[in-house]
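Student: coords please:
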Amino acid sequence: MDKRKSSVKIVSECKREIELEIPSNEVMEEFERTVSKFSNRVKIRGFRPGKAPADIVKRMYSAEIRESIINSLAPEAIKNEIKINNLNPVGHPVVSDISFNEGGPIRLKAKFEVWPEFNLPEYKNIEVKKKSVSVTDQEINQSLQNLSARYVQYLPIEGRGVLDGDYVIAELKGKNVKTKRFLPTEKVTILAGHPENEKVLNQNLTGLKPNEERNFTIIYDKSHKNKKLSGKDIFYSLRIISIKERKIPDIDDEFAKEVGEFENLKELRKEIKKELLSAKERAMKQELAQEIIERISDKLSFELPDSVIEQESLNIVRQVLSSRSQITSKEEFEKLKDEAKKNAEKYLKNQLILARIAEKENLEVSDAEVSEELKSIAKANNVPLAQIIDKVNKEGNREELKEKLLFKKTFDFLLQHAIIKD
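Tutor: You can find the predicted model right below:
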């Protein structure tokens with residue numbers, strides 16, 4: 001029996017090409033099986049199922065038979081060659097230049113990307129300078145303000161009209177001035193005086209009391225974000241249903257007791273200072289670890305797979321666009337893409353280095369560590385653990401979480417083996 005012939009060509013650091021020949025005897029065996037399978041399945045006029053001569057089946061279904069044979073033999077043959085040559089493809093191989101005639105071998109090329117090979121430089125005993133961290137009274141006061149905002153109450157008020165900052169429930173009726181067509185009547189909640197409200201709306205809300213009504217017209221700009229309203233003049237009738245006043249709690253001993261088991265405000269401030277200091281120390285350690293990995297990265301130069309860079313760049317662009325209102329020009333978008341590519345290359349390079357260090361140092365993440373992380377996520381988000389586990393399982397993110405924990409463990413390893421100077 002003839003053996004498969006193959007050769008692996010190194011196109012570049014991350015690109016490989018396999019030239020493969022599947023021998024004719026192997027192809028002919030598959031050819032006979034395929035023709036037999038087609039003979040039993042297809043219907044040809046004048047012949048009972050399975051009784052049509054093979055040469056007629058081959059002539060009538062030559063293209064389909066050819067495609068079936070290639071699809072049956074090529075993927076497995078490529079997979080075996082990749083395994084034999086100890087290659088680790090990124091994504092699926094792209095098959096080209098397929099040559100096949102009855103009685104002969106199948107010849108083809110398979111192109112694919114691989115992760116780069118590189119030797120790690122020295123990554124222990126890297127010297128970095130520790131940064132001092134401290135917490136100011138201003139930061140504590142700001143944290144108290146943020147905390148008090150979580151305990152805001154909205155209390156019904158009577159005896160006065162709407163003021164800026166009130167939450168107003170109102171009935172809103174609209175009519176297109178030009179077409180005279182009425183818009184659906186809506187029951188809306190409005191934060192009076194909010195800068196994103198139309199200026200005319202804020203002006204007409206002020207002073208209105210429950211059950212009072214006011215009429216006004218809003219002329220919407222053509223660039224208005226609501227396309228149903230942009231460029232239109234709408235006449236509104238607004239009737240107040242109820243008003244709620246925003247009540248922020250006083251930051252005092254009583255507030256400290258409401259927030260948690262604190263005897264007084266002094267104890268609460270002490271706990272906030274402790275948490276802020278801890279957060280700053282974690283951030284400082286993260287910066288040191290990042291500095292270490294970048295120092296290692298600066299000593300290495302290797303190619304990255306184009307497809308992976310492209311995918312990571314796309315993810316970054318999507319994240320940026322989701323946090324921006326809009327991109328105003330083609331030039332701005334091109335600049336965004338260029339920055340995303342640079343950030344993607346830096347991120348992927350660092351991830352490869354961390355993965356290689358973790359492998360060399362036999363660092364692993366156990367199922368117990370994953371479970372503890374899930375418990376921490378549930379606690380931080382104040383949701384049941386079962387809900388977090390269900391979400392992770394449904395979205396298939398368990399391996400991603402495990403990888404994240406492994407990189408964190410590798411960062412910690414680098415810090416433990418660094419020379420940190422005050």
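Student: same for the top strand by length along the chain, what does it pack against?
Tutor: When the chain is parsed with DSSP state E, its longest strand is strand 233-247. The contact analysis (3 or more Cβ pairs under 8 Å, 6 or more residues apart in numbering; DSSP states H and E) places strand 233-247 against strand 153-156, strand 167-176, helix 199-205, strand 213-219. Bear in mind the C-beta positions are built from the backbone N, C-alpha and C, glycine included.
Student: any chance of a markdown table for the ones you listed, columns distance to Lys330 and mean pLDDT?
Tutor: Supplementary listing: these in a markdown table, determined by distance: least, Cβ to Cβ, whole Å; pLDDT from 0 to 100:
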| stretch | distance to Lys330 | mean pLDDT |
| --- | --- | --- |
| strand 153-156 | 45 | 89 |
| strand 167-176 | 35 | 93 |
| helix 199-205 | 32 | 93 |
| strand 213-219 | 31 | 93 |
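Student: re earlier: output the longest strand of the chain as CSV, nothing but the C-alphas.
Tutor: The C-alpha trace of strand 233-247 is given here as CSV (Å, rounded to 0.1, in the frame of the first residue of the first chain):
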residue,chain,number,x,y,z
ASP,A,233,-42.3,70.4,15.6
ILE,A,234,-44.3,68.6,18.3
PHE,A,235,-47.0,70.3,20.3
TYR,A,236,-47.3,68.7,23.8
SER,A,237,-49.8,68.7,26.6
LEU,A,238,-48.2,67.8,29.9
ARG,A,239,-50.2,66.9,33.1
ILE,A,240,-48.4,66.2,36.4
ILE,A,241,-49.6,63.1,38.1
SER,A,242,-47.2,63.0,41.1
ILE,A,243,-43.9,64.6,42.4
LYS,A,244,-41.2,62.9,44.4
GLU,A,245,-38.4,64.8,46.2
ARG,A,246,-34.9,63.4,46.3
LYS,A,247,-33.8,63.0,49.9
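Student: chain center to that strand: distance?
Tutor: Put simply, strand 233-247 sits 39 Å off its chain's centre (Cα atoms, centre = their mean, to the nearest Å).
Student: quick one, strands of the chain?
Tutor: Under DSSP E, the chain gives strands at 5-12, 15-22, 89-100, 106-114, 127-129, 153-156, 167-176, 186-191, 213-219, 233-247, 419-421.
Student: related to what we said a few turns ago, turn the helices and strands packed on strand 233-247 into CSV, columns for mean neighbour count and distance to Leu352.
Tutor: Formatted as CSV, the helices and strands packed on strand 233-247 follow (neighbours: other Cβ atoms under 10 Å; distance: least, Cβ to Cβ, whole Å):
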stretch, mean neighbour count, distance to Leu352
strand 153-156, 10, 51
strand 167-176, 17, 51
helix 199-205, 16, 53
strand 213-219, 14, 55
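Student: and Glu261, how far from Leu277?
Tutor: Separation of Glu261 from Leu277 (Cβ to Cβ, to the nearest Å) stands at 20 Å.
Student: which of these two has more neighbours?
Tutor: Using other Cβ atoms under 10 Å, the more surrounded residue of Glu261 and Leu277 is Leu277, with 14 against 8.
Student: can you give me the neighbour number for the residue lying closest to the more buried one once chain neighbours are set aside?
Tutor: Using Cβ to Cβ, 6 or more residues apart in numbering and skipping residues adjacent in sequence, the residue nearest Leu277 is Val135, 5.2 Å away. Residues lying near Val135 (other Cβ under 10 Å) number 17.
Student: what sits against the residue lying closest to Lys337 once chain neighbours are set aside?
Tutor: Spatial nearest neighbour of Lys337, chain neighbours left out: Val317 (6.3 Å); criterion: Cβ to Cβ, 6+ apart. By Cβ atoms under 8 Å, 6 or more residues apart in numbering, the contact list for Val317 reads Leu336, Lys337, Ala340.
Student: please tell me I have it right and the residue nearest to Leu277 contacts Lys273.
Tutor: Yes: counting by Cβ atoms under 8 Å, Lys273 is a contact partner of Val135 at 5.1 Å.
Student: for Phe166, list the residues it contacts.
Tutor: That one is not Phe; residue 166 is Asp. Ile157, Leu191, Ala192, Ile243, Lys244, Glu245, Arg246.
Student: what's the local residue count around Lys43?
Tutor: Residues near Lys43, counting by other Cβ under 10 Å: 8.
Student: quick revisit: mind giving me TSV with the helices and strands packed on strand 233-247 and columns for distance to Val308?
Tutor: Shown next, in TSV, are these (distance: least, Cβ to Cβ, whole Å):
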stretch	distance to Val308
strand 153-156	49
strand 167-176	48
helix 199-205	49
strand 213-219	50
